[in-house]
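S.K.: Sequence below, structure please.
(one chain, ligands or ions: 1)
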Amino acid sequence: MANFHHQPQIEEILTQSQFISHSESTNNQKVKKQMASDPKLHTFDEVSKHNKTKDCWLILSGKVYDVTPFMEDHPGGDEVLLSATGKDATNDFEDVGHSDSAREMMDKYYIGEIDSSTVPLKRSYVPPEQSQYNPDKTSEFVIKILQFLVPLLILGLAFVVRNYTKKEE
Ligand code: HEM
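M.R.: Residues are numbered from 1 along each chain as shown. Modelled structure (predicted):
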């Protein structure tokens with residue numbers, strides 16, 4: 001009698017778990033499909049609007065991630081993720097030296113690709129032409145000339161004063 005009651009319950013549990021694993025695998029397939037063949041293309045302006053703790057999207061290596069569910073769990077904190085919005089955060093992400101497991105986690109938050117033509121061009125850094133140790137060569141040149149001229153001027157002045165005092169005598 002007890003067995004009779006248990007039987008359908010077990011079957012029910014089995015069907016439920018099959019259902020769960022089935023829906024999980026279809027989700028995974030969806031993610032994989034989205035990544036491989038038909039990714040959603042987002043514009044930079046659209047992605048930049050998601051810059052809040054409760055709604056945070058990131059651009060990393062040409063891909064767009066919705067990290068909203070990860071904000072509280074991110075070991076580096078939510079502030080860094082917020083400060084990485086509205087720009088290509090690839091360098092910020094790489095500079096931290098994220099582990100392989102961190103990179104694997106990213107798949108969960110993938111929502112599409114960024115339309116690279118909408119990303120504003122990076123301002124390129126122009127290094128100063130003069131070396132940092134010798135920032136102003138002109139002033140150094142002027143100083144050298146003065147170092148040479150000042151003793152000459154003093155000498156000249158001494159001669160003038162000497163001649164002048166001679167006439168007085
Ligand atoms: C989907 C995107 C991201 C994921 C899944 C992620 C995941 C992780 C994980 C798992 C860690 C722990 C350490 C590790 O395993 O490497 C971590 C640490 C950290 N992450 Fe991220 N992260 C993401 C994006 C970013 C971005 C854009 C920044 C911006 C700078 C950032 C900054 C940091 C910092 C500062 C730490 C702490 C490092 C430390 O104190 O050791 N993360 N992240």
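
S.K.: Angles on the backbone of Gly112, please.
M.R.: Phi and psi for Gly112, reported as degrees, to the nearest 10, are phi 150, psi -170.

S.K.: how many other residues sit next to it?
M.R.: Residues lying near Gly112 (other C-beta atoms under 10 Å) number 18. Just so you know, the C-beta spots here come from the backbone N, C-alpha and C atoms, and that holds for glycine as well.

S.K.: Quick check: chain neighbours aside, which residue is closest to it?
M.R.: Leaving aside its chain neighbours, Gly112 sits nearest to Lys40 (3.4 Å; criterion: C-beta to C-beta, 6 or more residues apart in numbering).

S.K.: That neighbour touches Glu113, doesn't it?
M.R.: Yes. Lys40 lies in contact with Glu113 (C-beta atoms under 8 Å); the separation is 7.2 Å.

S.K.: just to revisit the earlier point, if I look at the residue nearest to Gly112, how far off is the ligand?
M.R.: According to C-beta to the nearest ligand atom, to the nearest Å, Lys40 stands 17 Å off from the ligand.

S.K.: quick revisit: looking at Lys40 and Glu113 now, which is surrounded by more residues?
M.R.: The neighbour count for Lys40 versus Glu113, taken as other C-beta under 10 Å, is higher for Glu113 (16 against 9).

S.K.: give me the beta-bridge partners of that one?
M.R.: Beta-bridge partners of Glu113, counted by DSSP bridges, are Leu41, Lys63.

S.K.: which ones are touching it?
M.R.: When contacts are counted by C-beta atoms under 8 Å, 6 or more residues apart in numbering, Glu113 touches Pro39, Lys40, Leu41, His42, Gly62, Lys63, Val64.
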